[in-house]
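Q: mind folding the following:
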Amino acid sequence: MTDVSSIPPRDKAEILAQALPYIRKFHGKTMVIKYGGNAMTDPALQADFAEDVVLLKLVGINPVVVHGGGPQIETALKRLGKKGEFIQGMRVTDAETMEVVEWVLAGEVQQDIVGLINQAGGKAVGLTGRDGGMIRAQKLKMLDNADPSIEHDVGQVGDIVSIDPSVVKALQDDAFIPVISPIGFGENNESYNINADVVAAKLATVLKAEKLMMLTNISGVLDKSGKLLTNLSARQIDELFADGTISGGMLPKISGALDAAKSGVNTVHIVDGRVPHVLLLEILTDQAYGTMIRSH
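A: Numbers count the residues shown, from 1 in each chain. Have a look, this model is predicted:
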């Protein structure tokens, strides 16, 4: 933690005043935050994240948190003697794995996040895609990246059919902070595991969010030499897909981010969740902490 006790009060006031233009600009706007990576497992970063979310709400910005839980799901599966399998960045989810996903995401992980935000002085409410009929889904048809004639069966992995944001809006209007697990339901009431990046991107679009912020374990999108790319257009992203620079788990993240940018979300940011208070730094200062994605 940075020691701020030696900063004179006048300087502290000046620092706070520097945030005023950003608070004014974003007051009343929705920010969808995909929470994951180190920020979700390191206790100090967890506390920073919770404080950031509460502060944003208190100054009139509406944060909506969508969380993953890959490491926690992996730990739970290992305890049951199951090994996680991935195809093109998506977790293969059979019926038994789906049960684990539900109790880990909607139980353990979600309640930890809700507790942290409440402890920091906020009023968080946990939701899954079932609540309020929010996320309708169907089985994902995953075509092979190299050969589209091949379709991979990834089990109960879902593709979003529609999102009804009514319950999220109702909570926002009542001063609550929604915390959403990426679980959808099908027409026969079956559950689907949906990639959290995809849910965050789609929800940002439906809510007409000002920003979509995706916390990661890296400094942003990197080129082949490891250099940070701070600003990317749709055309540049297509090139990075084509040459394999963006692959694996980054595929759904960047695809979702690009879709959101093309669908009206003002700015999409892939940010380094390992940086303390990265949400405040990204939203309330002019310092960039990752990659911004533009639709053009």
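
Q: where does the prediction get shaky in this protein?
A: 1-3, 248-249, 296 (pLDDT under 70).

Q: biggest helix in it, by residue count?
A: In the chain, assigned by DSSP state H, the helix with the most residues is helix 43-58.

Q: helices or strands up against that one?
A: For helix 43-58, the elements it packs on are strand 30-35, strand 62-67, helix 110-119, strand 177-181, helix 278-284, judged by 3 or more CB pairs under 8 Å, 6 or more residues apart in numbering; DSSP states H and E. No exception for glycine: its C-beta is placed from N, CA and C like everyone else's.

Q: OK, contacts around residue 152?
A: 87-88, 142-144 (CB atoms under 8 Å, 6 or more residues apart in numbering).

Q: most widely separated two among those residues?
A: The largest separation in the contacts of residue 152, counting by CB to CB, is between 87 and 143 at 10.9 Å.

Q: now do the helices in the stretch 51-200 of the chain.
A: 70-79, 95-103, 110-119, 166-173, 196-206 (DSSP state H, counting those that start in this stretch).

Q: out of the ones you listed, which is the most enclosed?
A: helix 196-206 (a mean of 26; mean count of other CB atoms under 10 Å).

Q: what residues does that one touch?
A: Defining contact as CB under 8 Å, 6+ apart, one finds that helix 196-206 is touched by 30, 32-34, 36, 64, 66-69, 129, 135, 160, 163, 165, 168, 180, 182, 209, 211-212, 214, 252-253, 255-257, 259-260, 263-265, 268.

Q: what does stretch 43-56 give?
A: The contact list for stretch 43-56 (CB under 8 Å, 6+ apart) reads 1, 31, 33, 35, 38-40, 63, 65, 113, 116-117, 119-122, 177, 215, 273-274, 276-280, 283.

Q: buried ones among those?
A: Using 16 or more other CB atoms under 10 Å as the burial test, the contacts of stretch 43-56 include 31, 33, 35, 38-40, 63, 65, 113, 116-117, 120, 122, 177, 215, 273-274, 276-280, 283 as buried.

Q: follow-up on the earlier one: and the helices and strands packed on helix 43-58: which comes nearest residue 19?
A: Short answer: helix 278-284, nearest of these by CB to CB, at 4.2 Å.

Q: tell me how far the closest one is from the chain's mean position?
A: With CA atoms, centre = their mean, to the nearest Å as the basis, helix 278-284 stands 15 Å off its chain's centre.

Q: neighbouring contacts of it?
A: Residues from elsewhere that reach helix 278-284 (CB under 8 Å, 6+ apart): 19, 22-23, 26, 31, 33, 39, 48-49, 52-53, 55-56, 61, 211, 213, 215, 269, 271-272, 275, 287-290.
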